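the following block contains a protein sequence and its predicted model.
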Amino acid sequence: MEHESGAPAPAARLTAKQLQQRVQDVTADRNQLLAIFASMREGVIAVDQQERILHINEAAADLLGIAAADSIGLSLAGVTRLRPFYEAMLKTLQSSTPVTMEAPFGLHGRELTIEITTRPLHVGGGAQFGAMAVLYDVSELRRLEAVRRDFLANVSHELKTPLTAIHGLVETLIDEPDMDRATQGRFLLKVQSQTVRLTNLITDILALSRLESQPDSLRQELIDLRDPVAESVQALAPMADAREVSVNIQVPDTPVPVAGDREALRQVVDNLLDNAIKYTPAGGRVDLRLVLDAPDAQLDVEDTGIGIEPHFQSRIFERFYRVDRARSRELGGTGLGLSIVRHTVMAMGGQVAVQSMRGRGSVFQVRLPLAPPAGSPPKA
Ligand SMILES: Nc1ncnc2c1ncn2[C@@H]1O[C@H](COP(=O)(O)OP(=O)(O)OP(=O)(O)O)[C@@H](O)[C@H]1O
Ligand SMILES: [Mg+2]
């Protein structure tokens with residue numbers, strides 16, 4: 001009697017348990033797979049032969065500007081504005097042909113470049129039941145490639161200009177041996193100034209490339225920031241005098257300790273001060289103010305010069321960028337100074353900013369984290 005109406009036989013109970021285990025395993029596998037898809041930076045999207053969405057991860061939904069959860073079962077044509085992507089999927093569905101391509105795509109006012117790869121979907125070796133695509137935003141990659149290309153073109157151009165000048169000057173000196181000594185002297189001085197320019201340019205390029213490829217290569221000495229500021233003011237005083245620009249300096253009575261590379265910091269102050277003097281007409285003034293503003297040290301370099309219009313202010317920190325190319329070149333500039341400033345300050349954990357008004361003047365502000373002074377007692 002017990003057997004007929006009681007609990008199931010032991011063998012059957014075991015099978016149910018196994019079944020439950022199997023379901024749990026499959027669910028776990030599925031959740032793992034979904035977690036993997038969800039965490040991918042690449043967008044993944046799968047559709048059936050009728051172009052209905054079977055699966056879409058967050059990254060793909062973001063790229064296509066749709067909500068992942070609401071789009072399952074919807075027709076692909078209805079959810080995407082990325083036409084080349086839709087056409088690639090269609091081709092893969094219709095002819096089992098994988099497609100790899102890049103397409104421009106405007107999203108939320110940004111111009112993106114999307115890499116699209118599609119593949120047909122089969123179960124085992126069976127019939128095709130749909131297609132899948134991987135979407136990858138390669139905009140940043142392409143932008144960096146363009147920056148690199150521009151950089152190379154700029155470097156070549158900047159090197160060529162002084163070399164062409166030197167070539168012409170030397171050629172004339174060779175062709176005209178009877179040239180009077182005074183003219184000869186003038187030519188040689190020009191050759192000299194062009195070689196100085198070439199050397200400066202190459203020094204700057206090397207400094208920048210070192211900062212970019214090995215930002216950690218900067219030394220970490222304990223420095224009193226008042227020192228590079230004072231040194232810089234002293235070194236550039238003759239230039240300021242010659243241009244009739246007065247330079248005033250205001251520093252605290254106590255040390256301003258930062259951990260950094262002394263040479264590199266000196267170059268930061270040199271570049272900012274050089275700009276302030278260069279871009280300020282005679283009779284103007286430049287103020288350097290160093291203040292302790294815990295947890296940072298703050299250096300302001302303020303001038304009463306020509307100023308910078310708002311739409312140029314973010315660009316002047318780019319390599320080779322100059323608001324007025326001809327004017328900067330005339331002053332011996334290559335447009336690398338502020339780029340070096342920014343890279344150096346960032347490598348030391350700081351920030352640089354600018355405030356400026358055209359015709360009024362500019363303030364460049366550097367903030368660097370203060371270091372505990374040397375010999376400060378270790379924390380208990
Ligand atoms: N204090 C300033 N006042 C007005 N314009 C400035 C000032 N500092 C920089 N600029 C603008 O920003 C541009 C970029 O400055 P940056 O120091 O990088 O290059 P540069 O001074 O032209 O050349 P380099 O520093 O290589 O000698 C300058 O060409 C100039 O147009
Ligand atoms: Mg400069």
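On my side now, so go ahead. Ligands and ions are numbered 1, 2, ... in the order given.

and the contacts of stretch 140-155?
If you take CB atoms under 8 Å, 6 or more residues apart in numbering as the criterion, stretch 140-155 is touched by 113, 205, 319, 320. C-beta: built from backbone N, CA, C; applies to glycine.

what's the answer for stretch 216-236, then?
Contacts of stretch 216-236 (CB under 8 Å, 6+ apart): 210-211, 247, 249, 251-252, 255-262, 264-266, 268-270, 273-274, 277, 288, 290, 297, 299, 344, 347-348, 368, 371, 373-374.

select the longest helix from this structure.
helix 139-175 (DSSP state H).

what's the next secondary structure element after that helix?
As assigned by DSSP states H and E, the chain's next helix or strand after helix 139-175 is helix 181-213.

what's the angle between that following helix and helix 139-175?
Counting by axes from the mean of the first three to the mean of the last three CA atoms, to 10 degrees, helix 181-213 lies at 160 degrees to helix 139-175.

alpha carbons only: can I get the helix or strand following helix 181-213 in CSV?
Using DSSP H and E, the helix or strand that directly follows helix 181-213 along the chain is strand 221-224. Taking C-alpha atoms only, strand 221-224 is exported to CSV below (Å, rounded to 0.1, in the frame of the first residue of the first chain):
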residue,chain,number,x,y,z
GLU,A,221,62.7,65.3,-5.2
LEU,A,222,61.4,67.5,-2.4
ILE,A,223,61.5,71.0,-3.8
ASP,A,224,60.7,74.5,-2.5
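
reformat the contacts of stretch 140-155 as CSV; add neighbour count and pLDDT.
Formatted as CSV, the contacts of stretch 140-155 follow (neighbours: other CB atoms under 10 Å; pLDDT from 0 to 100):
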residue, neighbour count, pLDDT
113, 16, 93
205, 19, 90
319, 21, 89
320, 18, 88
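
in strands only, show me the contacts of stretch 216-236.
Members of these lying in strands (criterion: DSSP state E): 247, 249, 257, 258, 259, 260, 288, 290, 297, 299, 368.

so which of those are also by ligand 2?
Checking the ones in strands among the contacts of stretch 216-236 against ligand 2 by CB under 5 Å from the ion, not one of them is in range.

which of those residues has the weakest pLDDT?
By pLDDT, residue 260 ranks lowest within these, coming in at 90.

list the contacts for that one?
Residues near residue 260 by CB under 8 Å, 6+ apart: 218, 219, 220, 221, 223, 348, 368.

most widely separated two among these?
With CB to CB as the measure, no two of those lie farther apart than 219 and 368, at 14.4 Å.

neighbour-wise, which of these two wins?
Taking neighbours as other CB atoms under 10 Å, residue 219 and residue 368 compare with residue 368 leading, 24 against 11.

need the nearest residue in space to that one, chain neighbours excluded.
residue 350 (3.9 Å; CB to CB, 6 or more residues apart in numbering).

any part of stretch 208-217 near ligand 2?
No. Under the criterion of CB under 5 Å from the ion, ligand 2 is not reached by stretch 208-217; the shortest gap measures 12.9 Å.

closest residue of the stretch 1-150 of the chain to ligand 2?
When scored by CB to the ion, the stretch 1-150 of the chain has residue 150 as its residue closest to ligand 2, at 19.0 Å.

that residue and residue 276: what is the separation?
The gap separating residue 150 from residue 276 is 27 Å, by CB to CB, to the nearest Å.

residue of the stretch 1-150 of the chain nearest ligand 1, please.
Closest approach between the stretch 1-150 of the chain and ligand 1, counting by CB to the nearest ligand atom: residue 150, at 15.1 Å.

give me the pLDDT for that residue.
Among the per-residue scores, residue 150 holds a pLDDT of 88.

neighbours around it, how many?
Residues near residue 150, counting by other CB under 10 Å: 13.

who touches residue 97 in this structure?
Residue 97 neighbours (CB under 8 Å, 6+ apart): 91, 120.

just want the most central residue of the chain.
Nearest to the mean C-alpha position of the chain, by CA atoms, centre = their mean, lies residue 144 at 8.0 Å.

as a check, name the ranges of all helices in the stretch 251-380 of the chain.
Ranges of helices within the stretch 251-380 of the chain are 262-278, 310-313, 325-330, 337-347, based on DSSP state H, counting those that start in this stretch.
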